[in-house]
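Q: sequence and predicted structure below; questions after.
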Number of protein chains: 2
Amino acid sequence: MIVIESTSDMRQWSERQRRGRQRIVLVPTMGFLHEGHLCLMREARLRGDWVVASIFVNPAQFGPGEDFATYPRDFERDRCLLEAENVDVLFHPSLEQIYPAGAQTFVEVEKLSLPLCGSARPGHFRGVATVVAKLFNIVRPHLAIFGEKDYQQLQVIRRMVRDLSMDVEIIGHPIVRESDGLAMSSRNAYLTSAERQAALCLSRALCKAERSVRRGAVTAAAIVDRVRAELNNEPLAAVEYVKLCDVETLDEVDEVREPALLALAVRIGKARLIDNRVLKH
Amino acid sequence: MIVIESTSDMRQWSERQRRGRQRIVLVPTMGFLHEGHLCLMREARLRGDWVVASIFVNPAQFGPGEDFATYPRDFERDRCLLEAENVDVLFHPSLEQIYPAGAQTFVEVEKLSLPLCGSARPGHFRGVATVVAKLFNIVRPHLAIFGEKDYQQLQVIRRMVRDLSMDVEIIGHPIVRESDGLAMSSRNAYLTSAERQAALCLSRALCKAERSVRRGAVTAAAIVDRVRAELNNEPLAAVEYVKLCDVETLDEVDEVREPALLALAVRIGKARLIDNRVLKH
């Protein structure tokens, strides 16, 4: 595995592969890798000739008071994990490479950035769209893979790619869960063992909602109530939102007629956890 | 000359040339071409293997009440002029190709978009940056040429390219003037013959300012006063701004120590005209 730190080296490497008609697959990450990330790397391996993983903790997607400074980092461990997955290139740029002095350009996907996590984290998706645009311009992948746990992020990126005519195919990978159902996340590292147990309420609530729908519930009100009741049962959980949305536009919907996204965000201890499921009637 | 209307055809053409290591030069325009544009085409010819001109009147860079609907258009004439300049490809996308249904992504270069024309035309440079980002993603040029008459636009684009790590070299081409000094502009077509005469006050004022500096004037106050006096002499001219700025950041400066940009915008009849000059002490 080659480790590349400079944008110009990364660009040259990519230009060479593209000229040889080799397909490049990018998996952008913020590091502190878990099995969910590694599944993305395996999917990438199946879909292209070269797999590039990027590790960059992106300050622009953290708000003031959020966990940028304390976000978990372990580069050596990440490097070994990627090596073991036969990743070809680890792109690991410095802050200055991505945000040169005087940087002031942002990419904004307006409507999709507003609801759900966007309303609690203003500027978050602007930071995400901006850094992903930069990574795409530097790495020039044919294809990029993102996890569906960050469903809104995935939709924001798909829309950006379409709107700005970027020549990249975007693939969403299903949520990878621990054996007890908890969606994998680098932020799970913030949980104490009691909180780790409490965090199961997210996936449990989604399962209960799915069961309600299977039994005939269709209104958002009924489904959201069911989920809130389940989450409120857990004393360590503070619900931030529970929403039923259109799978494309993320507009709130009243009923599950078409497949609809049930999305939730919950604070447990120091961690803000999100999870989601697409419900079908 | 090939005329290409679809983004996918354009992309394919470019991908083919890039694979053959051919250098592509793009000259983006809004059409209604004049000698200024044609000079950019000739410069493009010298700098690359293939010259692509684009014609797209970009609604996103016009404000409400501005002249999007009446902006002069003459595609057949433009096509002949470009053919005569040996342009290789004319990219002429439809509105739907550039702004697909549901488009909501914008590129914003924050600080550089605020002063000068940005303060009179909020959203203008956001529209410019967004469409240029799209054009770059579709045409994938190695190099793009812009006129220095739109000095702020040029700086906005340079900054965007640097900030988003776009792999395009940006070239500014000196202002092309009529023999009597008027900077060439498609909007000169709005002028009656009396207004056309009155419009000479812009270039005349810039010349006077330059002469003042040569004679020792250094303060912005003195230079701007000199320019305003000249412009106010012309009864048909309504000054929008006269500013002395840093050539890179466009921050206002008090003195011409380093080279400084003298920029002005003046309304004459239905036309809003701009002109500028870099002054050196």
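A: Thanks, I have it. Numbering: from 1, shown residues only, chains lettered A, B, ... in the order given.

Q: hmm, who's touching the helix or strand hosting residue A:160?
A: Assigned by DSSP states H and E, residue A:160 belongs to helix A:151-163. Helix A:151-163 has contacts (CB atoms under 8 Å, 6 or more residues apart in numbering or on different chains) with A:107, A:109, A:112-113, A:115-118, A:125, A:128-129, A:132-133, A:136, A:144, A:146-148, A:166, A:168, A:170, A:172, A:248, A:250, A:261, A:263, A:276, B:99-100, B:102-105, B:134. C-beta here means a position set from N, CA and C on the backbone, and glycine is covered the same way.

Q: try stretch A:36-43
A: With CB under 8 Å, 6+ apart as the test, stretch A:36-43 has contacts from A:27, A:29, A:51, A:53, A:81-82, A:85, A:87, A:145-147, A:149, A:171, A:173, A:175-176, A:183-185.

Q: and that stretch, average pLDDT?
A: For stretch A:36-43, the mean per-residue pLDDT is 98.

Q: then stretch A:193-204?
A: For stretch A:193-204, mean pLDDT is 98.

Q: do stretch A:261-273 as well
A: Rounded mean pLDDT across stretch A:261-273 is 97.

Q: also stretch A:144-161?
A: For stretch A:144-161, the per-residue pLDDT averages 98.

Q: ok, the residue in the stretch 151-281 of chain A that chain B sits nearest to - how many residues close by?
A: Proximity to chain B, evaluated over the stretch 151-281 of chain A using CB to the nearest CB, is greatest for residue A:163 at 3.5 Å. Neighbours of residue A:163 under the rule other CB atoms under 10 Å in any protein chain shown: 23.

Q: with the one 4 residues further on instead?
A: Using other CB under 10 Å as the criterion, residue A:167 is surrounded by 17 other residues.

Q: residue B:104 versus that one, what's the distance?
A: Noted for residue A:167: a distance of 20 Å to residue B:104, by CB to CB, to the nearest Å.

Q: for residue A:168, same thing?
A: Distance of residue A:168 to residue B:104, given as CB to CB: 18 Å.

Q: isn't there a helix covering residue A:26?
A: No - using DSSP: H, G, I helix; E, B strand; the rest coil, the assignment for residue A:26 is strand, not a helix.

Q: isn't it right up against residue A:146?
A: No - if you go by CB atoms under 8 Å, residue A:26 and residue A:146 don't touch, sitting 9.8 Å apart.

Q: more neighbours: these two, which one.
A: residue A:26 (28 against 24).

Q: per-residue pLDDT of the closest residue to the more buried one other than its chain neighbours, please?
A: Once flanking residues are discounted, residue A:26 sits nearest to residue A:141: 3.7 Å by CB to CB, 6 or more residues apart in numbering or on different chains. Here, the pLDDT recorded for residue A:141 equals 98.

Q: just residue A:19 next, same as before
A: 88.

Q: now do residue A:257
A: Residue A:257 is assigned a predicted lDDT (pLDDT) of 89.

Q: which residue comes closest to it once chain neighbours are left out?
A: Spatial nearest neighbour of residue A:257, chain neighbours left out: residue A:281 (6.3 Å); criterion: CB to CB, 6+ apart.

Q: could you count how many residues lie near that neighbour?
A: If you count neighbours by other CB under 10 Å, residue A:281 ends up with 13.
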